[in-house]
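Undergrad: Attaching a predicted model along with its sequence, questions to come.
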There are 2 protein chains.
Amino acid sequence: MTEATRRERLRVETEREIRQAARALLVESGRDAVTLRAIARKLGITAPALYRYYDSHDALLRQLCDDICADMEGVLYAALAADTSGQVGCQVRAVCRSFRRWALAHPQEFALVFASPRDPLGADQFGAVFLQLAGRLIASNLVAKHADDEVPEVLHEDLVRFQQVLMAAVSVHGVTIEEDVLNLGKIYHVVQSWVRLYGHVALEVFGRFPFAVSNPEPMFDSMLDQMLMDIGFQDE
Amino acid sequence: MTEATRRERLRVETEREIRQAARALLVESGRDAVTLRAIARKLGITAPALYRYYDSHDALLRQLCDDICADMEGVLYAALAADTSGQVGCQVRAVCRSFRRWALAHPQEFALVFASPRDPLGADQFGAVFLQLAGRLIASNLVAKHADDEVPEVLHEDLVRFQQVLMAAVSVHGVTIEEDVLNLGKIYHVVQSWVRLYGHVALEVFGRFPFAVSNPEPMFDSMLDQMLMDIGFQDE
DNA sequence: CGGTTTCAGTGAACGGTGTTTACAAGAGTT
DNA sequence: AACTCTTGTAAACACCGTTCACTGAAACCG
């Protein structure tokens, strides 16, 4: 079955170790510690050998970003799967809380992926879970109707693009959404929710609230409640 | 009047040039380009000489953060002063728009100050303009009354702390706020507004919206409208 | 099997970095 | 004039990303 030659097996194994070492360095000592030489030292090889696997230090960092995204996606999916309530509202809460917890537990990774002035994230790279969940949320039809003409016309073009992204994301999992359910008003509110979720988490991770927060968790939960209320979510 | 000796004058001048050079490098080529040797080259001196002014590269970066904050504060104050409408709603819009424009024009600075896993910003370092404005907004008494018991009790302690920060911020400018006007409900909504403003700006600067945004400006304005509406702001 | 190609890894080198150290030379002080 | 304090230098150390010529073993082929 395994048609791979000995060399090929060794190669993928080494590549795995490189990623693992890079990840450990990032977590332990921050972005600036993710060094070609430090990675090589961990593997017991020399730095130039890494050029057989990556074109440059920058390319390796990009790969690292992808790995982080994939890992986070796994965590969020697990949180989603762990919720057995079957209620979309609970699922949204579970994923959002999971995202916050992940970000607080992995500040370096969060900063690298979500708060670096690099190239924009591709739709695939972007946590597909959020798209999944957003699509599901809309498909559940539990969000209060928001008229399309609530949102300015200038935004229509962009929101339609996001609509297509959402459709593609859920269709991967076999779910289809009726056209009239996925209207622009709802999509706009999904974007607004992302703004608030991301804003709160980033402020917390970077300690940029204008005062010392001693009880961050209930503060986040409170924001979550407000968010769900503002998008007109109705409990089952 | 100027009791400063020749040496003292030269020293402050050199320090000014160091900051200026560091700033230019950050803007032109990003955080990693702010190098002791690069700064020294710009001044025509050698790198070790910089240790007469800063204890380490890290200390210099911290100073750079402070300078950036001060500059941004100046920009925001200017935006606030430029608004002659006298209406608090317009002032809020002016400052928020100015913050967004500054962040987009200075992505490297924004990332360094607002999105780095460093030590939390001190209250003084934190844009005092926001506090100023938040205090003024509340003092104007145009925000709809929000009952204190709307916010969970666990948050009271933290919000009271923020309340004191706000009081201190406005009292510097001679403005005083009546106790009953600055209630916890309003303060909570101010925090929520910061979450949304920061979230939107950061997502835009870092290109982390889940779709390509072709009309970012009206999208921001739309968020601003929603924000002001959600905190129950009533136009004069 | 023997000869050849492919390729992961090496060691040396180049120019860059933060930081420390010993030292020079001018400014300020007595 | 003699002294101290301050600001700069040059040299050195260890680290960094990256290139290049080279080695040795794995894979391939006739």
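TA: Here it is on my side, so go on.
Undergrad: what residues does chain A put near DNA strand C?
TA: Residues of chain A lying close to DNA strand C by Cβ under 7 Å from any atom of the strand are A:7, A:10-11, A:14, A:40, A:44-46, A:48-49, A:52-53. C-beta coordinates here come from the backbone N, C-alpha and C atoms, glycine included.
Undergrad: Serialize those to CSV and add fields for distance to A:Ile138.
TA: Below are the residues of chain A next to DNA strand C laid out as CSV (distance: Cβ to Cβ, whole Å):
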residue, distance to A:Ile138
A:Arg7, 49
A:Leu10, 47
A:Arg11, 43
A:Thr14, 44
A:Ala40, 48
A:Gly44, 51
A:Ile45, 49
A:Thr46, 52
A:Pro48, 51
A:Ala49, 49
A:Arg52, 46
A:Tyr53, 41
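Undergrad: per-domain residue ranges of chain A.
TA: Domain assignment for chain A by automatic domain parsing gives A:1-54, A:65-230.
Undergrad: which of the ones you listed sits most buried?
TA: domain A:65-230 (a mean of 18; mean count of other Cβ atoms under 10 Å in any protein chain shown).
Undergrad: Run the chain-centre distance for it.
TA: In terms of Cα atoms, centre = their mean, to the nearest Å, the centre of domain A:65-230 is set 8 Å apart from its chain centre.
Undergrad: Identify the residues contacting the least confident helix or strand in chain A by mean pLDDT?
TA: Across the helices and strands of chain A, mean confidence by mean pLDDT, DSSP states H and E is lowest for helix A:128-139: a mean of 81. Outside helix A:128-139, the residues that touch it by Cβ atoms under 8 Å, 6 or more residues apart in numbering or on different chains are A:73, A:76-77, A:80, A:88, A:91-92, A:95, A:123, A:143, A:165-167, A:169-170, A:173, A:175, A:177, A:181-182, A:186-187, A:190, A:194, A:233, B:210.
Undergrad: In terms of secondary structure, what does the next helix-or-strand element following that helix contact?
TA: Next helix or strand after helix A:128-139 toward the C-terminus (DSSP states H and E): helix A:156-171. Secondary structure elements in contact with helix A:156-171, counted by 3 or more Cβ pairs under 8 Å, 6 or more residues apart in numbering or on different chains; DSSP states H and E, are helix A:128-139, helix A:184-206.
Undergrad: Could you pull up the residues touching A:Lys145?
TA: Counting by Cβ under 8 Å, 6+ apart, A:Lys145 has contacts A:183, A:185-186, A:232.
Undergrad: can you give me phi and psi for A:Phe233?
TA: Per-residue torsions, A:Phe233: phi -70, psi 130 (degrees, to the nearest 10).
Undergrad: ok, now which ones touch the closest residue to chain B within chain A?
TA: Using Cβ to the nearest Cβ, the closest approach of chain A to chain B is made by A:Gly199 at 2.2 Å. Neighbour list for A:Gly199: B:195-200, B:202 [criterion: Cβ under 8 Å, 6+ apart].
Undergrad: how about A:Ile177, secondary structure?
TA: Under DSSP: H, G, I helix; E, B strand; the rest coil, the three-state class of A:Ile177 is coil.
Undergrad: Look up how far DNA strand C lies from the closest residue to it other than its chain neighbours.
TA: Of all residues not flanking A:Ile177 in the chain, A:Ala139 sits nearest, at 4.8 Å (Cβ to Cβ, 6 or more residues apart in numbering or on different chains). Per Cβ to the nearest atom of the strand, to the nearest Å, A:Ala139 is found 46 Å from DNA strand C.
Undergrad: what do you get for A:Ala81?
TA: For A:Ala81, the distance to DNA strand C equals 37 Å [Cβ to the nearest atom of the strand].
Undergrad: Moving C-terminal from the strand or helix carrying that residue, which element do we reach first?
TA: Element membership for A:Ala81 (DSSP H and E) is helix A:57-82. Taking DSSP H and E as the definition, the helix or strand that follows helix A:57-82 towards the C-terminus is helix A:88-105.
Undergrad: Using PDB, list the CA coordinates for stretch A:25-38.
TA: Coordinates of each C-alpha in stretch A:25-38 appear next as PDB, following Å, rounded to 0.1, in the frame of the first residue of the first chain:
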ATOM      1  CA  LEU A  25       9.600  27.800  19.600                       C
ATOM      2  CA  LEU A  26       6.800  30.200  18.900                       C
ATOM      3  CA  VAL A  27       4.800  29.000  21.900                       C
ATOM      4  CA  GLU A  28       7.800  29.000  24.200                       C
ATOM      5  CA  SER A  29       9.600  32.200  23.300                       C
ATOM      6  CA  GLY A  30       7.600  34.200  20.800                       C
ATOM      7  CA  ARG A  31       7.800  35.000  17.100                       C
ATOM      8  CA  ASP A  32      11.300  36.300  17.200                       C
ATOM      9  CA  ALA A  33      12.600  33.000  18.500                       C
ATOM     10  CA  VAL A  34      11.400  31.000  15.500                       C
ATOM     11  CA  THR A  35      14.800  30.900  13.900                       C
ATOM     12  CA  LEU A  36      16.100  28.600  11.200                       C
ATOM     13  CA  ARG A  37      19.100  27.800  13.300                       C
ATOM     14  CA  ALA A  38      17.000  27.200  16.500                       C
END
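Undergrad: is it up against DNA strand D anywhere?
TA: Yes. Counting by Cβ under 7 Å from any atom of the strand, DNA strand D is contacted by stretch A:25-38 at A:35-38.
Undergrad: what does that stretch contact?
TA: Outside stretch A:25-38, the residues that touch it by Cβ under 8 Å, 6+ apart are A:21-22, A:39, A:42, A:47, A:50, A:57, A:60-61, A:64, A:106, A:108-109, A:111-112, B:117.
Undergrad: Among these, which ones lie close to DNA strand D?
TA: A:47, A:57.
Undergrad: Show me which residues of chain A are close to DNA strand D?
TA: Residues of chain A lying close to DNA strand D by Cβ under 7 Å from any atom of the strand are A:5-8, A:35-38, A:47-48, A:51, A:56-58.
Undergrad: Mark which of those are part of helices, please.
TA: Judged by DSSP state H, the subset of those located in helices is A:6-8, A:36-38, A:57-58.
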